[in-house]
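Show me the folded form of this:
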Amino acid sequence: MKLEAMLWIVVLILVALAFLFPKTRTISLSAIGVAIVAIVVIVVLAKRGEPVAPVAAAPPLVEQKPVDFERFHIENLDKADPEAKNRIRVEEIRFDQIRAEAGAERGGIRRIVARLYNDSATYTLTDYGYYLVVQDCIKAVCSTVFDQHGLSTASVPPNQARDVEIAIRDGSTHDRPPIKILGTANILLTPAATRAQLAGNPKSTD
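Below you'll find the model as predicted:
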């Protein structure tokens with residue numbers, strides 16, 4: 001920048017000489033033009049050499065916790081009918097004829113189908129909790145490849161059974177199966193909770 005300032009001083013001097021000495025005006029104007037070109041070149045080169053200011057990084061997005069609709073549903077059920085979860089003991093419901101429904105891709109599993117039995121003699125089962133474990137068995141060695149807790153709605157009168165479906169949910173895309181079995185699938189499905197009402201009473205929707 002010092003050289004640039006000196007050139008501007010030279011330009012001012014040459015302008016003054018051009019006015020004071022008309023005979024040398026042509027030479028002075030030519031020198032002025034050369035000085036201005038030199039100043040422009042110096043400015044351009046100086047700007048090219050300046051470091052680029054780093055772009056401020058965007059603040060990280062705050063991860064939003066997904067709404068647990070299942071927990072919200074459970075809380076509503078407990079508020080509407082606090083005794084519902086105590087009418088049928090967990091030991092009074094059971095799963096049987098459990099099987100995996102294959103996905104489009106070989107070895108893939110999309111959902112579990114089972115028959116749910118309500119052995120209570122008094123109450124209609126309205127909701128059931130479960131714990132699902134999927135094992136992949138290869139040469140008699142079984143490894144757990146997926147497990148899932150959940151609560152589902154059902155309407156199973158006393159001493160009756162209904163077929164139920166449990167979707168595999170793990171956030172996978174629709175074009176790929178969440179689970180892929182390389183050997184033989186072994187499905188373990190156990191009841192974990194119950195909710196019930198008197199037989200013949202309509203289920204509350206509150």
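
just the helices in this structure please.
For the chain, the helices defined by DSSP state H cover 2-20, 25-49, 69-80.

Show me how the protein divides into domains.
Annotated domains of the chain cover 2-48, 88-198 [automatic domain parsing].

could you redo the ones you listed as TSV and give each row mean neighbour count?
Placement of C-beta: from N, CA and C, glycine included. Compiled in TSV, the domains of the chain are given as follows (neighbours: other CB atoms under 10 Å):
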stretch	mean neighbour count
domain 2-48	13
domain 88-198	16
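
pLDDT weak spots in this protein?
Counting by pLDDT under 70, the chain has low-confidence residues at 1-8, 10-12, 14-32, 35, 39, 43-74, 77, 104, 170-178, 199-206.

For it, which segments are assigned as strands?
Using DSSP state E, the strands found in the chain span residues 93-102, 108-118, 123-138, 141-156, 160-167, 179-180, 184-198.

Can you check what angle separates the second one from strand 141-156?
Relative orientation of strand 108-118 with respect to strand 141-156: 50 degrees, computed using axes from the mean of the first three to the mean of the last three CA atoms, to 10 degrees.

what bridges to the nearest residue to Ala167 once chain neighbours are set aside?
In space, and not counting its chain neighbours, Ala167 is closest to Arg111: 4.9 Å by CB to CB, 6 or more residues apart in numbering. When bridges are called by DSSP bridges, Arg111 pairs up with Glu101, Ala167.
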